[in-house]
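A.B. asks: curious how this folds, go ahead:
(2 chains)
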Amino acid sequence: MSKDKARSDGWLSRLVRPGVKAETKRDTPDNLWVKCPVSGEMVYRPDLEAALWVTPAGHHMRIDAIKRLSVTFDDGNYTLIDLPDVAEDPLTFTDDKPYEARLKAARNKVGRKDTMLAGHGEIQGERAVVLVQDFSFMGGSLGMAAGEAFIAAATHAHDHNMPFVVFTAAGGARMQEGILSLMQMPRTTLALQMLKDKGLPYIVVLTDPTTGGVTASYAMLGDVHLAEPGALIGFAGPRVIEQTIREKLPPGFQRSEYLLEKGMVDRVVPRAELSETLAKIIRVLMSAHKA
Amino acid sequence: MSAHKTYLDFEKPIAELEAKIEELEALSEGSGAEVGDDIKNLRKRVQDARAKAYAGLTPWQKAQVARHPERPHVVDYIRVLIDDFVELRGDRGFSDDQAIVGGLGQFRGQGVVIMGHEKGTDTSSRLKHNFGMARPEGYRKAIRLMDMAERFSLPVISFVDTPGAYPGLGAEERGQAEAIARSTERCLTLGVPMISIITGEGGSGGAIAIAAANSVLMLEHSVYSVISPEGCASILWRDSARAADAAEAMRITAQDLHKLGVIDGIIPEPAGGAHSAPNDVMDVAGEILAKTLGDLSALDAEGLKAQRRDKFLKIGRVLDI
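C.D. replies: Sure, this is the predicted structure:
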């Protein structure tokens, strides 16, 4: 564990721009108030943080991977899991900008190598591996780095007899990696098979938004599917569907509550109750392993 | 050689030559004029033009060949390669989705489960098969067929040819993503051999759902991609007209995917593409299928699962490009 910690710290210090920059920006008066995208209400930032970035209107704002890990684990304590490096820009892909430049810009913005971040620790006393997909890194898109991170985190859970919890968020596949991004669908599915064979639980928490190849692979293969309120969850994006059927989509279509009604998720859980719900499920599903 | 009904843009010179041949043939029949040598010459020129065009197809041209309406489809492969085919229908939950057809049959004396995307060949059959775009029920039927293959120890052969899974309201409502995920998972857990042949378009998740196989083969001019070239272009360049650039950038051809280690082999097509000589292509596919099936039969259930797992986990880890 301590070895993991040391390694992950080294890895972070290489990548994360000194946190001071973000902090100072946050303290400027401009950023002290955040507008709720649903009600338009201006919310005082410290209040919003205390409410886990859920506005008074109940809107669950997107949060980054570090915030997610710290609100999920007890007292914000966790150890990062080392995630493997992958071949970068395997297709030397260029659209308006080279993919390499896009990657670099995303890394500077987010302070991490790619979308996934994984840690292990305790959720209300229950040991777990938690993998978070961060939408702020190139729309959470699933490429080779994300696929390998998924496999590494699942392997950690497997090797240490821990349940595997994944917070999904993605626009879909990383197009700049072409077919290699599509191949992450079977590859992540294989990683889950390893957990299944050992009887270890896999719990998915669907967050806003989860679409495309991510939904059509590991996001829909959980033993239990939880969703945050109001999250957009689907295979095809709403715009593509509207273009196909040439009709307006009904209100609430592809939102968490709709998926609950259609039988695709087990529960819609407000952010403040997620850790407790996860712990309750883990306690039961892991009981055979503890006996 | 009979003239085709449909010519692709880059086949214009071929179309013109073939029109000329027809003209001359009509002329000679009517008048008895001596045009035999002219026709012979023209035929030779057609052959050369076709060989030349097909030897240097760009990725975007290949995408067009892959979508050619006269290319053999799964129903053709079944008709030619499978004896005693019995179609099995329905997902037992909601409906039968004819975008994926499948059933039982004999391949060279061996009982098999066959399935594949069917696009249809005319307006009414295209509507019936929804242009090869499956709904959740199509994937759930595929899962049902794979369950059956496992239970009765039958190899699975799948033919992949889809623009993608159907992006419709009902499909979403009934769990399109879940159906694709489960179908992919079912492929990966099979204890029997599974071979997938991408015959035309391998369209993203809609394709992988029935293509996570022990051996994935592609026809020489088929394509396989994470998103259609048009879709990629409209997202990255906000201009679907740049599909040719997207096709180039994404590496969608059988040759590129073989180099990337994503597919296991390529089935050659005649100059002029599979649509110019469908029976020849299906014969070659049959030979390669038989050989591949023979190779895989050396593995037991655990060996097959391990081979599939190791193969997919290796993808992207060792890149030779």
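
A.B. asks: assess the claim that residue B:136 and residue B:178 are in contact.
C.D. replies: Yes. Counting by C-beta atoms under 8 Å, residue B:136 does reach residue B:178; the two are 7.4 Å apart. Any C-beta I mention is one placed from the backbone N, CA and C, and that applies to glycine too.

A.B. asks: higher neighbour count, those two?
C.D. replies: Ranked by neighbour count (other C-beta atoms under 10 Å in any protein chain shown), residue B:136 and residue B:178 place residue B:136 first, with 28 against 22.

A.B. asks: which pLDDT value belongs to the more buried one?
C.D. replies: As predicted, residue B:136 sits at a pLDDT of 98.

A.B. asks: what count of nearby residues applies to the closest residue to it other than its chain neighbours?
C.D. replies: Spatial nearest neighbour of residue B:136, chain neighbours left out: residue B:179 (3.7 Å); criterion: C-beta to C-beta, 6 or more residues apart in numbering or on different chains. The number of residues packed near residue B:179 is 28, by other C-beta under 10 Å.

A.B. asks: ok, now which ones touch residue B:179?
C.D. replies: B:136-140, B:143, B:209 (C-beta atoms under 8 Å, 6 or more residues apart in numbering or on different chains).

A.B. asks: who are the packing partners of the host helix or strand of residue B:310?
C.D. replies: Applying DSSP states H and E as the criterion places residue B:310 in helix B:301-314. In this structure, helix B:301-314 packs against helix A:184-197, helix B:176-189, with contacts taken as 3 or more C-beta pairs under 8 Å, 6 or more residues apart in numbering or on different chains; DSSP states H and E.

A.B. asks: out of those, nearest to residue A:176?
C.D. replies: Nearest of those to residue A:176, taken as C-beta to C-beta: helix A:184-197 at 13.2 Å.

A.B. asks: contact partners of the closest one?
C.D. replies: With C-beta under 8 Å, 6+ apart as the criterion, helix A:184-197 contacts A:142-144, A:146-147, A:150-151, A:154-155, A:157-158, A:164, A:173, A:201-202, A:213, A:216-218, A:221, B:181, B:184-185, B:187-189, B:205, B:208, B:212, B:309, B:312-313, B:315-316.

A.B. asks: restricting to C-alpha, output the helix holding residue B:310 in CSV.
C.D. replies: C-alpha atoms of helix B:301-314 as CSV (Å, rounded to 0.1, in the frame of the first residue of the first chain):
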residue,chain,number,x,y,z
ALA,B,301,-13.5,-24.7,-24.0
GLU,B,302,-11.0,-23.1,-21.5
GLY,B,303,-8.4,-22.9,-24.3
LEU,B,304,-10.9,-21.0,-26.5
LYS,B,305,-11.7,-18.5,-23.8
ALA,B,306,-8.1,-18.0,-23.0
GLN,B,307,-7.2,-17.5,-26.6
ARG,B,308,-9.9,-14.9,-27.0
ARG,B,309,-9.0,-13.1,-23.8
ASP,B,310,-5.3,-13.0,-24.5
LYS,B,311,-5.9,-11.8,-28.1
PHE,B,312,-8.1,-8.9,-27.1
LEU,B,313,-6.0,-7.9,-24.1
LYS,B,314,-3.0,-7.8,-26.3
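
A.B. asks: tell me which residues in that helix are buried?
C.D. replies: If you call a residue buried by 16 or more other C-beta atoms under 10 Å in any protein chain shown, then helix B:301-314 has these buried ones: B:304-305, B:308-309, B:311-313.

A.B. asks: count of neighbours near residue A:245?
C.D. replies: By the criterion of other C-beta under 10 Å, residue A:245 has 14 neighbours.

A.B. asks: residues contacting it?
C.D. replies: The contact partners of residue A:245, taken as C-beta under 8 Å, 6+ apart, are B:168-169.

A.B. asks: again, but for residue B:280
C.D. replies: The contact partners of residue B:280, taken as C-beta under 8 Å, 6+ apart, are residue B:270.

A.B. asks: got it, and residue B:274?
C.D. replies: B:65, B:68, B:71-72, B:199, B:219, B:221, B:281.

A.B. asks: and for residue B:233?
C.D. replies: By C-beta under 8 Å, 6+ apart, the contact set of residue B:233 is B:239-243, B:245-246.

A.B. asks: distance of the closest residue to chain B within the stretch 151-291 of chain A from residue A:245?
C.D. replies: In the stretch 151-291 of chain A, the residue that lies nearest chain B is residue A:236 (3.3 Å; C-beta to the nearest C-beta). Distance, residue A:236 to residue A:245, by C-beta to C-beta, to the nearest Å: 10 Å.

A.B. asks: quick one: contacts of whichever strand or helix holds residue B:205?
C.D. replies: Using DSSP H and E, the element containing residue B:205 is helix B:204-208. Around helix B:204-208, the neighbours that count as contacts under C-beta under 8 Å, 6+ apart are A:173, A:182-183, A:185-186, A:212-213, A:216-217, A:235, B:117, B:133-134, B:160, B:162-166, B:180, B:184, B:198, B:201-202, B:224-228.

A.B. asks: residues in contact with residue 69?
C.D. replies: Looking at chain A here, since you left the chain open. Neighbour list for residue A:69: A:76, A:78, A:117, A:119, A:130, A:132 [criterion: C-beta under 8 Å, 6+ apart].

A.B. asks: wait, I meant chain B there
C.D. replies: Contacts of residue B:69 (C-beta under 8 Å, 6+ apart): B:6, B:121, B:275.

A.B. asks: near chain B, which residues of the stretch 1-150 of chain A?
C.D. replies: A:86-87, A:90-91, A:93-96, A:144, A:147-148 (C-beta under 8 Å from any C-beta of the partner chain).

A.B. asks: next, give me the two most distant ones among those residues.
C.D. replies: Spanning the widest gap among those are A:96 and A:148, at 27.1 Å by C-beta to C-beta.

A.B. asks: quick one, which of those two is more surrounded?
C.D. replies: The residue with more neighbours, out of residue A:96 and residue A:148, is residue A:148; 24 against 9, by other C-beta under 10 Å.
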